[in-house]
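next comes the sequence, and after it the predicted model I'd like to discuss.
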Amino acid sequence: MRRLYLHIYFALVCVLVLYAVLLGGAMWHMDFRDREQGWLGPLTSFADASIPPSDAPPERLERWARALAQPFDLELTIYDASGRTLIRVGRPLPAPPGERGSRFLTRGGHDHRTVALSLADGRWIVARGDRPGRFGPPFLAATVLLAVATGIAAYPVARRLTRRLEALKSHVDAFGEGRLALRVPVEGHDEIARLALAFNGTADRIERLVADKSRLLANTSHELRTPLARLRAALELLRAGPRPELIERAEQDLKELDGLIGELLVASRLDAPERVLEREAVDCLALAAEEAARVSGVEVGGHARVAFGDPRLLRRALRNLIENAIRHGEPPICVEIGDAPTPGRLQLVVSDGGPGVPEAERERIFEAYYRPPGRSSALGGVGLGLALVRQIAERHGGSVVCEPRPGGGTRFVLELPAAPA
């Protein structure tokens, strides 16, 4: 984490210093350019006042040119009004422009400036000299001071960023060591805060998943122990001689174990995030008629509606709802197919005329292995049926709720997405 802090710190300092240097250089350039343009008038006036007249001897004009060029290390050429060279000091320079008026000439590169001075008598002076250095000692000293000031100002910013990252890392390490209840404090609304929120959300889901798995394991062990104990007792009694009722009871226990293992396998497959549902169009009215034909006393009604989902899982969900109504409800038991209030969705409603489910229990009955107070395991079932129905509904993007039936009893409403038209 210290290396990360240093990287952030130096990156921040470099960016700020570079920005300041570029901004300062641009402002210096614009200011110097403006000052250069302001020099043209005084330079032209000085040249007009000091240059020998046009009829002066060439030697005098040359002495004047050298006296002007040498102190400033200039290359200088004097032209007459027609553009003919009169005096040249140093290398040849570009001819003066055709139009009158003093100006800076752009040719010659960026390290020096070429100026053309238009004199009152028609003559031209073209001079070229080194451009003043941009990065002299004052500029370099200012840059160093700026870097130091920026480094001091950037320290608390970089430290605050890395401090929060260090806290996040320590919480992640502790969570990985098994402290599943640990959460990261969320400060501010920046990217680190959003990262902390994402971690907390993931930690919540992992903690809930681990708790659910632990509870499922404990409850499964309990549910397996009961029929296994009965089977063990039946085997001991059968050693004394054949007893048909014990054999029948053992067969029921084996059927119960088989049902429990089957539902556990379905639940584990639904929990796997990589499992992709094999969706297709499913005729819900035909599916309800097939499941109702397996048992007696179940009526089917409603309208033909087509769901979009995994046919095996939807059959399992409907079968569990019907078996739950038979096991814990009373006639009449009905399955109704129709449209849901939400467009593009349909409902499978399984209702019975039993005593109903208390309001406080209508949500808890969808928890795995939950049995309402006073309900005995002698009624059958292992407490996974309704939990599995909810899992199947949610994997299809649907829902299932328990609500009272008008006139008494219970309605289980399974809502699913309809197949595209």
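Received, thanks.

pop the domain breakdown of the chain in here.
2-137, 189-275, 278-417 (automatic domain parsing).

now those domains in a markdown table, with mean pLDDT, distance to residue 178 and mean neighbour count?
C-beta coordinates here come from the backbone N, C-alpha and C atoms, glycine included. Shown next, in a markdown table, are those (pLDDT from 0 to 100; distance: least, C-beta to C-beta, whole Å; neighbours: other C-beta atoms under 10 Å):
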| stretch | mean pLDDT | distance to residue 178 | mean neighbour count |
| --- | --- | --- | --- |
| domain 2-137 | 70 | 26 | 14 |
| domain 189-275 | 78 | 10 | 13 |
| domain 278-417 | 90 | 24 | 17 |
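
now those domains in JSON lines, with distance to residue 179?
JSON lines is the format used below for the domains of the chain (distance: least, C-beta to C-beta, whole Å):
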{"stretch": "domain 2-137", "distance to residue 179": "24"}
{"stretch": "domain 189-275", "distance to residue 179": "10"}
{"stretch": "domain 278-417", "distance to residue 179": "26"}
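
how about residue 314, secondary structure?
Here residue 314 takes the helix state, with states given by DSSP: H, G, I helix; E, B strand; the rest coil.

check contacts around the spatially closest residue to residue 278 that is not a sequence neighbour.
Nearest residue to residue 278, sequence neighbours excluded (C-beta to C-beta, 6 or more residues apart in numbering): residue 310, at 5.2 Å. Residues in contact with residue 310 (C-beta atoms under 8 Å, 6 or more residues apart in numbering) are 277-280, 396.

let me see the backbone angles for residue 310.
Dihedral angles of residue 310 (phi, psi; degrees, to the nearest 10) stand at phi -80, psi 120.

so how far is residue 416 from it?
Distance, residue 310 to residue 416, by C-beta to C-beta, to the nearest Å: 11 Å.

list residues touching both of these two?
The contact sets of residue 310 and residue 416 overlap at residue 396 (C-beta under 8 Å, 6+ apart).

residue 263: which element?
Using DSSP states H and E, residue 263 falls within helix 244-271.

which elements pack onto the helix or strand following that helix?
Counting by DSSP H and E, the next helix or strand C-terminal to helix 244-271 is strand 280-283. Under the contact criterion of 3 or more C-beta pairs under 8 Å, 6 or more residues apart in numbering; DSSP states H and E, strand 280-283 touches strand 306-309, helix 311-328.

strand 280-283 pairs with which strands?
Strand pairing for strand 280-283, using DSSP bridges, gives strand 306-309 (antiparallel).

put the alpha carbons of the partner strand into PDB.
The C-alpha coordinates for strand 306-309 follow below in PDB (Å, rounded to 0.1, in the frame of the first residue of the first chain):
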ATOM      1  CA  VAL A 306     -48.200 -19.900 -22.600                       C
ATOM      2  CA  ALA A 307     -45.300 -19.300 -20.200                       C
ATOM      3  CA  PHE A 308     -41.700 -18.900 -21.200                       C
ATOM      4  CA  GLY A 309     -39.500 -21.000 -19.100                       C
END
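
and the contacts of that strand?
Under the criterion C-beta under 8 Å, 6+ apart, residues 277, 279-284, 314, 346, 396, 416-420 lie in contact with strand 306-309.

out of those, who's nearest residue 330?
Closest approach between the contacts of strand 306-309 and residue 330, by C-beta to C-beta: residue 284, at 24.6 Å.

touching, that closest one and residue 345? I think so.
No - with contact defined as C-beta atoms under 8 Å, residue 284 does not count as touching residue 345 (11.7 Å).

need the overlap of contacts for these two.
Shared contacts of residue 284 and residue 345, counting by C-beta under 8 Å, 6+ apart, come down to residue 416.

residue at max distance from the center of this protein?
Computed with C-alpha atoms, centre = their mean, the residue of the chain farthest from its C-alpha average is residue 57, at 83.4 Å.

quick check: that one vs residue 127, distance?
Using C-beta to C-beta, we find residue 57 at a distance of 22 Å from residue 127.

then residue 385?
Residue 385 is 101 Å from residue 127, by C-beta to C-beta.

likewise residue 261?
From residue 261 to residue 127 the distance is 101 Å (C-beta to C-beta).

CA atoms of whatever helix or strand residue 78 lives in as CSV?
Assigned by DSSP H and E, residue 78 belongs to strand 75-79. Provided in CSV are the C-alpha atoms of strand 75-79 (Å, rounded to 0.1, in the frame of the first residue of the first chain):
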residue,chain,number,x,y,z
GLU,A,75,22.8,39.8,-38.4
LEU,A,76,21.7,42.9,-40.2
THR,A,77,21.1,43.9,-43.8
ILE,A,78,20.1,47.4,-45.1
TYR,A,79,18.1,47.6,-48.3
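
residue contacts, the nearest residue to residue 354 once chain neighbours are set aside?
Closest residue in space to residue 354, ignoring its immediate chain neighbours: residue 329 at 3.5 Å, by C-beta to C-beta, 6+ apart. Counting by C-beta under 8 Å, 6+ apart, residue 329 touches 352-354, 409-410.

can you name the two of those residues that are farthest apart?
The largest separation in the contacts of residue 329, counting by C-beta to C-beta, is between 353 and 410 at 8.7 Å.

quick check: bridge partners of residue 118?
Residue 118 has the following beta-bridge partners by DSSP bridges: residue 124.

thought it was touching residue 124?
Yes - between residue 118 and residue 124 there is a contact at 6.2 Å, judged by C-beta under 8 Å.

common neighbours of these two, please.
The contact sets of residue 118 and residue 124 overlap at residue 96 (C-beta under 8 Å, 6+ apart).

quick one: the strands in the stretch 101-250 of the chain, in order.
Ranges of strands in the stretch 101-250 of the chain, per DSSP state E, counting those that start in this stretch, are 103-105, 112-118, 124-130.

mind putting these into CSV with distance to residue 90?
Formatted as CSV, the strands of the stretch 101-250 of the chain follow (distance: least, C-beta to C-beta, whole Å):
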stretch, distance to residue 90
strand 103-105, 15
strand 112-118, 12
strand 124-130, 8
